[in-house]
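S.K.: the sequence and its predicted three-dimensional model are supplied below.
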Amino acid sequence: MSINASGWKPEMGSGEGMEVQTFTGNRALMLEEPLIFEMDEAGGCGVDIAPAPKVTSRLGGLERKRDIGIPGLSEPQTVRHYTRLSRQNYAIDLGLFPLGSCTMKHNPRLNEKMARLPGFADIHPLQPIDTVQGALKVIADLGEWLVKLTGMHSVAMSPKAGAHGELCGLLAIRSALEARGDAREVILVPESAHGTNPATAAFCGYRVENIPATERGRVDLAALKARLGPDVAGVMITNPNTCGLFEPDMIEISKAVHEAGGLVYCDGANFNAIVGRVRPGDLGIDAMHINLHKTFSTPHGGGGPGSGPVVFSEALTPFAPLPFVEKQGDRYVLIEEETAEEHHGRTFGRMTAFHGQMGMFTRALTYILSHGADGLRQVSEDAVLNANYILRSLDDVLDAPFGNSGPCMHEALFSDKDFGGGLSTLDVAKGLIDEGFHPMTMYFPLVVHGAMLIEPTETESKAALDQFIGALRSVAERAKAGDASLKAAPIYAPRRRLDETLAARKPVLAWKEPTQGVAAE
Amino acid sequence: MRYLPLADTDRQEMLRTIGAKSIDDLFVDVPEAARLSGKIEGLADHASEMSVERQMGAMARQNMVAGEVPFFLGAGAYKHHVPASVDHIIQRGEFLTSYTPYQPEIAQGTLQVLFEFQTQVARLYGCDVANASMYDGSTACWEAITMARRVTKRGKAILSGGLHPHYVSLAQTMARFTGDRLDVALPELTAETDAERLLASIDGETSCVVVQYPDILGRITDLTPIAEKAHANGALLIAVVTEPVALGAIEAPGHMGADIVVGEGQSIGVGLNFGGPYVGLFACKEKFVRQMPGRLCGETVDAEGKRGFVLTLSTREQHIRREKATSNICTNSGLCALAFSIHMTLLGERGLRDLAVLNHARAVLAAERLAKVPGVELVNDTFFNEFTLKLPKEARPAVRALADKGILGGVSLGRLYPEAEALENGLVVAVTEVVTDEDIEALASALQEVLA
């Protein structure tokens, strides 16, 4: 028995059938952890708060009398609780995280350090603007780089995440159309789009219609052109698209939409594939959001915070939201409601309190300055190279539905064709967990059966890619052979497969004290 | 470049595996006209950590840091002491660099935190259930209004004049596009809130009444009569809480009949950050849960019967329901929710109560002292840790003059309501546990000089 050089494989060896039930339920470093609500003993507390001076209450007789019911723990208990919980998570810091379309790349720690400088982290959004000139400069500088990198005309920095950026873009489109007295009601969205696209269009009052894809995984230009007309406000197109492919007809799509009086929204979720090599502005688009947590590597944090600045064409610039930062002479000013009248009278208004995700701006700007022009270009090149390397290293064992239509961009797409024994993409994903990897994106995009969308990103070494390829190859071969043991995967994770049906049928969304009076067993 | 592991030899070998001659071959689908041959104008090449740190540090030093001066700003963002362990824990890579927990078997850490967070928020607000967070308080507020529309199938929302003006502004932006009707008003510089106006406005077309508690001027009003009138007319009460620490001292909105309670969670665990990222809190009665926006974490069991947690009720959400989803939200504010939850665990019942008592006491002392400054009048009868002063002259230049003296003295109503002349003498002052007696004295004497 030797250790596999391309990846450590757990061996049950002679321990087979000798599983020990431990007293604690723990398995060495795999530690079970109760809920904080089950740990609270005598009203613990992990902060020392100075005694309050005696005063006459001004609470208007609305004092909270009943217990709130929130447990407290001392600092050591708290640190241990969350540290133990953290170890039940997979993370980029632990290994390749190939979640397609989500762009899980390394998060440089310098970015964290810069975001925590008191001059950025400890300033209030409503301080007089002369006391926050440096912060406004960060917003202005980042905005300027985003405009230059995309070849667009202006940028709105306040959207809080990608979907919020989509909303920003569509509100600008609708405002522009209304301003020319041309109310339109339909937004066209390709079948392969992220769910946020149709949801956003509906959220601001549009009807959504699908555009079909071609066999090559691209927008069907003829079908799109046939559908364009006076009721179509615009299109939302992801480019590179969710199949990991560049839309080669993008310039023509934009042209056709513009000729029909509509506007073009580009979902910039996949901008990381082209940053420094292609400027979306040259493709004729009118608005695009940029997920700073994808392309510019602000941490995903287990589900946010994100940040979704939106770049605009000249046509949409007058309608951009408030507030924004402007340089006037040597000084940065914040254009808010009061000054908007003279500078920016056609704005569609405010879409969040304050000025956006400052903590993400400092990180993204740090990322841009660190990479520089040469580094950013290398980012997209390596991201695309790594994805193609995965595509071509696995297309003999896994079906690549668009493998014959040329190279992919930053992500490789496979299907579940030829899996045996009733096995599906889910089983392969769970098998990958046992191999020590986070699975790829599953069942998305919807246009491919059993889709597996793999995005390695540029921050993986060749050795890491080879190990992942080896693992996926092994699991894929098991799936094709109909290996029923995959149905039981994962075996080595902190939990086996979880019953999601039960969770949805009888939702338990908050902890409740165990009911008294249950007979002791 | 320190973040890119591939060596040129790797790149060549990989291109051979792919069957491409050069990297340009991989970009063949990009039309010639759209390829960028030159560099990005004005952007230097990659830079060392030290060099970038210098550039960023220079910008950071151009800002007046809240923790270094007497500081009294609030109005939706509050400066509290955040225990050192909070930032330490959220920087663990397993939290910081993980994703939305789509694969629950290897995301139990994040999921259990979310389950604990949801329970903490629900209890703090006095509600049955809470979601896994929204972007911030302002967007949570608009989502609550749209949820009330779905629940009641009506489109008229009555917004209290005490609701944060940015929250109102955002709702007005959205309502123009969705067709919702909003009944809005400016606040008045009086001790009374506009509860009477709200009660008079509720009718059979009302979907919801939106009341901030404590309100933008710091006033606290009993929500019970508003809830009763709303319910009698088939409408919902939405309570908005921008300062969660207050709920350690005053009754929870859910216990006063609020159907949906939303708010900003920044005060607990997150820090000022010039306005973001923050964390939106969203809770409601159990019967409305299927109309909620955003992620929800629920308890279940695994194949061996062990307790575990998953994201659930996702048929409300955009990735399943697409244009029929309850909201378009995807990424929310996970890491800030974690920070909130850790800080709340450190506080617990006792700590939150003590912190709230301390905030209130310091605010009372400050209000009493500042009301003694000649010409200055305290508007509020009731308040928690924030109150409004009426100055003898316009507050906005006074705030700037205070800043010139190295004091961040509050938020002028002129900044928040630039069009409202009746409010221009108003100054909203927040006093949390970080404010010392010396700070209060410094503000009082500087204010006296500025007003002289």
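M.R.: Perfect, thanks for sending it.
S.K.: from here on, contacts and neighbour counts on C-alpha atoms
M.R.: Fine.
S.K.: let me see the ranges of the helices in the stretch 351-500 of chain A.
M.R.: For the stretch 351-500 of chain A, helices defined by DSSP state H, counting those that start in this stretch occupy the ranges A:358-394, A:425-434, A:462-480, A:500-505.
S.K.: near chain B at all, the first one?
M.R.: Going back to what we said before, that points to helix A:358-394. Yes - applying CA under 8 Å from any CA of the partner chain, one finds helix A:358-394 touching chain B at A:358-360, A:366, A:369-375, A:379, A:381-382, A:384-385, A:388-389, A:392-393.
S.K.: any idea how far the closest residue to residue A:255 other than its chain neighbours lies from residue A:332?
M.R.: Excluding the flanking residues, the one nearest residue A:255 by CA to CA, 6 or more residues apart in numbering or on different chains is residue A:284, at 7.1 Å. Distance of residue A:284 to residue A:332, given as CA to CA, to the nearest Å: 30 Å.
S.K.: go on, residue A:210?
M.R.: 43 Å.
S.K.: cool, residue A:85 as well?
M.R.: 44 Å.
S.K.: which one's more surrounded, those two?
M.R.: A count of neighbours by other CA atoms under 10 Å in any protein chain shown puts residue A:85 above the other of residue A:85 and residue A:332, at 24 against 20.
S.K.: that one should be in a strand, yeah?
M.R.: No - under DSSP: H, G, I helix; E, B strand; the rest coil, residue A:85 sits outside any strand and is assigned helix.
S.K.: residue contacts, it?
M.R.: A:33, B:108, B:109, B:110, B:112, B:113 (CA atoms under 8 Å, 6 or more residues apart in numbering or on different chains).
S.K.: what do you get if the cut-off is 10 Å, keeping everything else the same?
M.R.: Going by CA atoms under 10 Å, 6 or more residues apart in numbering or on different chains, residue A:85 touches A:31-35, A:79, B:94-95, B:107-113.
S.K.: same thing with residue B:443?
M.R.: B:70-72, B:366, B:369-370, B:373, B:402, B:405-410, B:437, B:449.
S.K.: just the ones in strands from those residues, please.
M.R.: Among the contacts of residue B:443, DSSP state E puts none in strands.
S.K.: so what pLDDT did residue 264 get?
M.R.: I'll assume chain A. On pLDDT, residue A:264 comes in at 97.
S.K.: other chain: chain B
M.R.: Taking residue B:264 on its own, its pLDDT is 98.
S.K.: show the contacting residues for it.
M.R.: Contacts of residue B:264 (CA under 10 Å, 6+ apart): B:76-77, B:133-141, B:240-244, B:278-282.
S.K.: run a quick neighbour tally on the closest residue to it other than its chain neighbours.
M.R.: Excluding the flanking residues, the one nearest residue B:264 by CA to CA, 6+ apart is residue B:137, at 4.0 Å. Neighbourhood size, residue B:137 [other CA under 10 Å]: 28.
S.K.: now do the contacts for residue B:137.
M.R.: So residue B:137 contacts A:352-353, B:76, B:143, B:164, B:167, B:240-242, B:262-266, B:278-282 (CA under 10 Å, 6+ apart).
S.K.: inside helices: which ones of those residues?
M.R.: B:143, B:167 (DSSP state H).
S.K.: pull the helix or strand with minimum mean pLDDT from chain A.
M.R.: helix A:337-343 (a mean of 68; mean pLDDT, DSSP states H and E).
S.K.: and the closest residue to chain B within chain A, how close does it get to residue A:159?
M.R.: Here chain A gets closest to chain B at one residue, residue A:72, 3.4 Å apart by CA to the nearest CA. Distance of residue A:72 to residue A:159, computed by CA to CA: 35 Å.
S.K.: what do you get for residue A:287?
M.R.: In terms of CA to CA, residue A:287 sits 13 Å off from residue A:159.
S.K.: the two: which has the busier surroundings?
M.R.: residue A:287 (33 against 29).
S.K.: how about the closest residue to that one other than its chain neighbours, what does it touch?
M.R.: Nearest residue to residue A:287, sequence neighbours excluded (CA to CA, 6+ apart): residue A:312, at 4.5 Å. The contact partners of residue A:312, taken as CA under 10 Å, 6+ apart, are A:147, A:150-156, A:169, A:172-173, A:265, A:281, A:285-289, A:318-320.
S.K.: assess the claim that residue A:327 and residue A:334 are in contact.
M.R.: Yes - at 8.8 Å, residue A:327 and residue A:334 qualify as touching, with contact defined as CA atoms under 10 Å.
S.K.: quick check: neighbours shared by these two?
M.R.: In contact with both residue A:327 and residue A:334: residue A:136, using CA under 10 Å, 6+ apart.
S.K.: who's more crowded, those two?
M.R.: residue A:334 (17 against 12).
S.K.: sorry, back to before: quick one: the residue nearest to residue A:255 and residue A:249 touch, right?
M.R.: No - counting by CA under 10 Å, residue A:284 does not reach residue A:249; the two are 11.1 Å apart.
S.K.: the residue nearest to residue A:255: how many residues sit nearby?
M.R.: Residue A:284, neighbours per other CA under 10 Å, totals 23.
S.K.: and residue 63, what are its phi and psi?
M.R.: Defaulting to chain A. For residue A:63, the backbone dihedrals are phi -50, psi 140 (criterion: degrees, to the nearest 10).
S.K.: not quite, go with chain B.
M.R.: Per degrees, to the nearest 10, the backbone of residue B:63 is at phi -110, psi 150.
S.K.: show me the contacts for the residue lying closest to it once chain neighbours are set aside.
M.R.: Of all residues not flanking residue B:63 in the chain, residue A:132 sits nearest, at 4.4 Å (CA to CA, 6+ apart). With contacts taken as CA under 10 Å, 6+ apart, residue A:132 has the following neighbours: A:119-120, A:123-126, A:332-333, B:59-65, B:274.
S.K.: identify, from those, the entry nearest to residue A:177.
M.R.: Comparing the contacts of residue A:132 against residue A:177 with CA to CA picks out residue A:333 as the nearest, at 29.2 Å.
S.K.: the closest one contacts residue A:136, correct?
M.R.: Yes - using CA under 10 Å, residue A:333 is in contact with residue A:136, at 7.5 Å.
S.K.: how is chain A divided into domains?
M.R.: Domain assignment of chain A by automatic domain parsing yields the ranges A:111-366, A:373-495.
S.K.: could you do chain B as well?
M.R.: B:70-81+B:349-451, B:84-343.
S.K.: can you list the low-confidence ranges for the stretch 1-150 of chain A?
M.R.: Low-confidence segments of the stretch 1-150 of chain A (pLDDT under 70): A:1-18, A:40-42.
S.K.: please enumerate the strands of it.
M.R.: Read by DSSP state E, counting those that start in this stretch, the stretch 1-150 of chain A holds no strands at all.
S.K.: in terms of pLDDT, where does residue A:434 sit?
M.R.: 97.
S.K.: burial count for it?
M.R.: For residue A:434, the count of nearby residues is 20 (other CA under 10 Å).
S.K.: go ahead and confirm residue A:482 touches residue A:428.
M.R.: No - the criterion here is CA under 10 Å, and residue A:482 misses it with residue A:428 at 11.0 Å.
S.K.: hmm, back to that, okay, the domains of chain A in a markdown table with distance to residue B:290 next?
M.R.: Shown next, in a markdown table, are these (distance: least, CA to CA, whole Å):
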| stretch | distance to residue B:290 |
| --- | --- |
| domain A:111-366 | 17 |
| domain A:373-495 | 24 |
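S.K.: residue contacts, the nearest residue to residue B:220 once chain neighbours are set aside?
M.R.: Spatial nearest neighbour of residue B:220, chain neighbours left out: residue B:214 (4.6 Å); criterion: CA to CA, 6+ apart. Taking CA under 10 Å, 6+ apart, we find residue B:214 in contact with A:59, B:162-163, B:193, B:220-222, B:239-244, B:246-247, B:250, B:382-387.
S.K.: ok so residue B:214 is a helix residue?
M.R.: No - going by three-state DSSP, the assignment for residue B:214 is coil, not a helix.
S.K.: and the gap between the spatially most central residue of chain B and chain A?
M.R.: Taking CA atoms, centre = their mean, the centroid of chain B lies closest to residue B:264, which sits 3.1 Å from it. Residue B:264 sits 10 Å away from chain A, going by CA to the nearest CA, to the nearest Å.
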